[in-house]
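[1] Here you go, sequence then predicted model.
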Amino acid sequence: MSAIRFELLKVCKQSGARLGKLHTPHGTIDTPIFMPVGTQATVKAMTPEELKEIGAQIILSNTYHLYLRPGEKLIEKAGGLHNFMHWDRAILTDSGGFQVFSLSDLRDITEEGVTFKSHIDGSKHFISPEKAIEIENALGADIIMAFDECTPYEADYDYTKNSMERTLRWAERCLKAHRKPEKQALFGIVQGGMFKDLRQESARQTVKMDFPGYAVGGLSIGEPKEIMYQVLEWTVPLLPENKPRYLMGVGSPDALLEGVIRGIDMFDCVLPTRIARNGTVFTSKGKLVVRNAEYAEDFRPLDDECDCYACKNYSRAYIRHLFKAKEILAARLATIHNLRFLLRLMEDIRRAIMEDSLLDFKEEFFRKYGYTKE
Ligand SMILES: COC(=O)c1ccc(CCNc2nc3cc4nc(N)[nH]c(=O)c4cc3[nH]2)cc1
Ligand SMILES: [Zn+2]
């Protein structure tokens, strides 16, 4: 009995896109879905009520960060991550594999696990696959990720092969260490770098371990988008049709559409929330840097097609003023808007799949957004 149940409702006739429902202990998720990132048990600048208001059904949090601060034991004492952060919908935690490599001064990686220095205070730590699962079990997320090595983009074939094979051995160890499979669904992560044979070997071996869902890792790490799409075309067809597929770290409008077309059901990325805090927002006609002078007297909403709180009540001129004045409300309004933009895009994508018109939707979206010239 798994913690989640994936209902495949429809496969698009025009592409490999799928419409689904992912049932979790904290509610049902309509797929394809975008997951806002709440690394330190908060989606920066958003309250849980505001996240519900814009339609968020699941958010992501990070094992690496919460282990370092405030510690998984404290969160366990609070009754788990849902109670601690006052979020009663679904949560997915990443295992720390990626964050250790991208954030800390990595000291060593061995068969046993990784030794690293905290990016917060330089203290020395060791995380093994077993330790990562123990932390994720304590946090209590509905979906937890296996502990893996996100192989660097520039790694050569031999390094990538060894890294991928170690990630497979770590996946077995995660399965053995997982204490609550009936409450928390453990997803396997496919690696293999940019090499077709390694990607397909990783997919086949990971699927043999029979996880309730599968992530495609080792992407969105600096490779050209065309290579990311190629890796998806090699890998996704080897994943079981009746299980969710999760592309880690992807969240730009074009990549979401291209990923859905290639059979991906779940996405996450810090992009929309991070660029919002720097004053860049998505609009149906492309990105807009609202702090630019050209918007000083522009009294239109950020995006006249958007239904979010920021677009219903404020102008570009006002939000630009807030950024120039370094007001906290600037980050809040831009974040509400960017997350609502992506969640609305996923709603439109789900509707297009339902109507077998996803490729037409993509062409129209890309034309308006400016991805394709007139
Ligand atoms: C303004 O935009 C930004 O700051 C920004 C930052 C990072 C990303 C990319 C994030 N990419 C990414 N996240 C990832 C997380 C992962 N986790 C695990 N366990 N294994 C992986 O193999 C893995 C790969 C990833 N690739 C995209 C955008
Ligand atoms: Zn808006």
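    Yep, it's here. Ligands and ions are numbered 1, 2, ... in the order given.
[2] Please, which helix or strand holds the residue positioned nearest the centre of the chain?
    Centroid-nearest residue in the chain: Asp268, 1.5 Å away (criterion: CA atoms, centre = their mean). Taking DSSP states H and E as the definition, Asp268 sits inside strand 266-269.
[3] Pairing partners for the residue nearest to the centre of the chain in the sheet, please.
    Under DSSP bridges, the beta-bridge partners of Asp268 are Met35.
[4] just to revisit the earlier point, what comes into contact with the strand holding Asp268?
    Applying CB atoms under 8 Å, 6 or more residues apart in numbering, the contact partners of strand 266-269 are 22, 31-37, 60, 92, 213, 220, 244-252, 256, 259. All C-beta atoms are positioned from the backbone trio N, CA, C, and that covers glycine.
[5] Helices of the stretch 201-350 of the chain, residue ranges please.
    225-235, 253-261, 271-277, 309-313, 316-324, 328-354 (DSSP state H, counting those that start in this stretch).
[6] pLDDT score for the residue of the stretch 101-250 of the chain found nearest ligand 1?
    The minimum distance from the stretch 101-250 of the chain to ligand 1, using CB to the nearest ligand atom, falls at Gly249 (2.1 Å). If you check Gly249, the pLDDT there is 98.
[7] contacting residues around it?
    Contacts of Gly249 (CB under 8 Å, 6+ apart): Phe98, Leu219, Ser220, Ile221, Asp268, Cys269.
[8] please redo it, this time with the cut-off set to 6 Å
    For Gly249, the contact set (CB atoms under 6 Å, 6 or more residues apart in numbering) comprises Ser220, Cys269.
[9] Quickly note the distance from it to ligand 2.
    The gap separating Gly249 from ligand 2 is 24 Å, by CB to the ion, to the nearest Å.
[10] Please tell me how far that residue sits from Gln14.
    Look at Gly249 and Gln14: by CB to CB, to the nearest Å, they are 26 Å apart.
[11] And Arg351, by the same measure?
    Distance of Arg351 to Gln14, given as CB to CB: 14 Å.
[12] How about Phe187?
    Here the criterion is CB to CB. By it, Phe187 lies 28 Å from Gln14.
[13] Name the residue in these two with the higher neighbour count.
    Neighbour totals were compared for Phe187 and Gln14, and Phe187 leads with 26 against 15 (other CB atoms under 10 Å).
[14] so that one, which of the three states?
    Secondary structure, DSSP: H, G, I helix; E, B strand; the rest coil: Phe187 is strand.
[15] residues touching it, list them.
    By CB under 6 Å, 6+ apart, Phe187 lies in contact with Met145, Phe211, Gly213, Ala215.
[16] Same list, those residues, but as CSV with neighbour count, distance to ligand 1 and pLDDT please.
    What follows is these, written out as CSV (neighbours: other CB atoms under 10 Å; distance: CB to the nearest ligand atom, whole Å; pLDDT from 0 to 100):
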residue, neighbour count, distance to ligand 1, pLDDT
Met145, 29, 5, 98
Phe211, 23, 14, 98
Gly213, 23, 13, 98
Ala215, 30, 7, 99
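[17] Output the set of residues of the stretch 251-374 of the chain in proximity to ligand 1.
    Counting by CB under 6 Å from any ligand atom, the positions of the stretch 251-374 of the chain adjacent to ligand 1 are Cys269, Val270, Leu271, Arg274, Ile275.
[18] still on that earlier bit, would you mind checking the contacts of strand 266-269 for buried ones?
    Using 16 or more other CB atoms under 10 Å as the burial test, these include 22, 31-37, 60, 92, 213, 220, 244-252, 256, 259 as buried.
[19] Which ones among these lie within strands?
    Leu22, Thr31, Ile33, Phe34, Met35, Pro36, Leu60, Leu92, Arg245, Tyr246, Leu247 (DSSP state E).
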